[in-house]
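K.L.:
Here is a sequence with its predicted model. Questions after.
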Amino acid sequence: MAAVGLASILSTPRPAAGDDGWSLSGPLEIGFAFLTNLAIHESGHILVAQGVGADKATFKFFGEDDGSFFLGLSTATGIPDESVLPYRLGGEIAASYTFELALQSYRREPTTYNRALLFFSGTDFFWYTVFAFYLAPREDARYDPVGIRESTGFSRGVVFAAAATQLATNAWRVASGTDAVAPSFSYDRESALLNLTFRF
């Protein structure tokens, strides 16, 4: 399974030069990588909101709002109707850029922090989709995958398939060390796309 493949980078020691493997700082580095990805994810929403002309955009972390729990919650007012989908995908777009940077850093120096950031950014969309559709007590449009489904009219299965495809491709790139196939997001003020790029 792709998630297991990406998870293995956290459990398989790959010491960098001069590194003897896991240390007491390992859990701190993993926690910092998690918070880094979370902050970048939420910042992605804010950047897209500002780019499409939102009146006001804010975010907060680790809280419950109207019966739903959020690791991070971004809100924006004054987003044009045609720009709601790019805004809702803003976090996943930012996480995908984080994954690209983390992958390059991991290949140069597979430190605990780089491995953890690679894992969190590479699985971001998949785990969020699983939580939003299958684990949360109710579907809340403020969860990105639910909002994406409502904006596109796609079924749960289609959104889940897109997230699983991105996850599988990310895991393959990590395991193979090649980038022959790479997922990416593109967007403008009125649309957003998940692309698969084949490099020959």
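P.N.:
Good, I have the coordinates. Numbers count the residues shown, from 1 in each chain.
K.L.:
Show me what counts as buried in the host helix or strand of residue 37.
P.N.:
Using DSSP states H and E, residue 37 sits in helix 26-51. By 16 or more other CB atoms under 10 Å, the buried positions in helix 26-51 come out as 26, 29-30, 33, 36-38, 40-49. For glycine as for every other residue, the C-beta is placed from the backbone atoms N, C-alpha and C.
K.L.:
repeat for stretch 54-68
P.N.:
Buried-residue list, stretch 54-68, by 16+ other CB under 10 Å: 54, 57, 59, 68.
K.L.:
Contact partners for the first one?
P.N.:
The reference is to residue 54. Each residue near residue 54 by CB atoms under 8 Å, 6 or more residues apart in numbering is listed here: 76-79, 87.
K.L.:
Could you look up the SS state of it?
P.N.:
Under DSSP: H, G, I helix; E, B strand; the rest coil, residue 54 falls in the coil class.
K.L.:
pLDDT score assigned to it?
P.N.:
Note for residue 54: predicted pLDDT of 83.
K.L.:
same question, the second one
P.N.:
Residue 57 carries a pLDDT value of 77.
K.L.:
Tell me if I'm right that it and residue 43 touch.
P.N.:
No. Counting by CB atoms under 8 Å, residue 57 does not reach residue 43; the two are 10.1 Å apart.
K.L.:
right, and residue 102 touches residue 117 too?
P.N.:
Yes. In this structure residue 102 lies within contact range of residue 117 using CB under 8 Å: 4.3 Å.
K.L.:
CSV please, covering the buried residues of stretch 54-68 and showing distance to residue 122 and secondary structure.
P.N.:
Formatted as CSV, the buried residues of stretch 54-68 follow (distance: CB to CB, whole Å; DSSP: H, G, I helix; E, B strand; the rest coil):
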residue, distance to residue 122, secondary structure
54, 28, coil
57, 26, strand
59, 22, strand
68, 25, strand
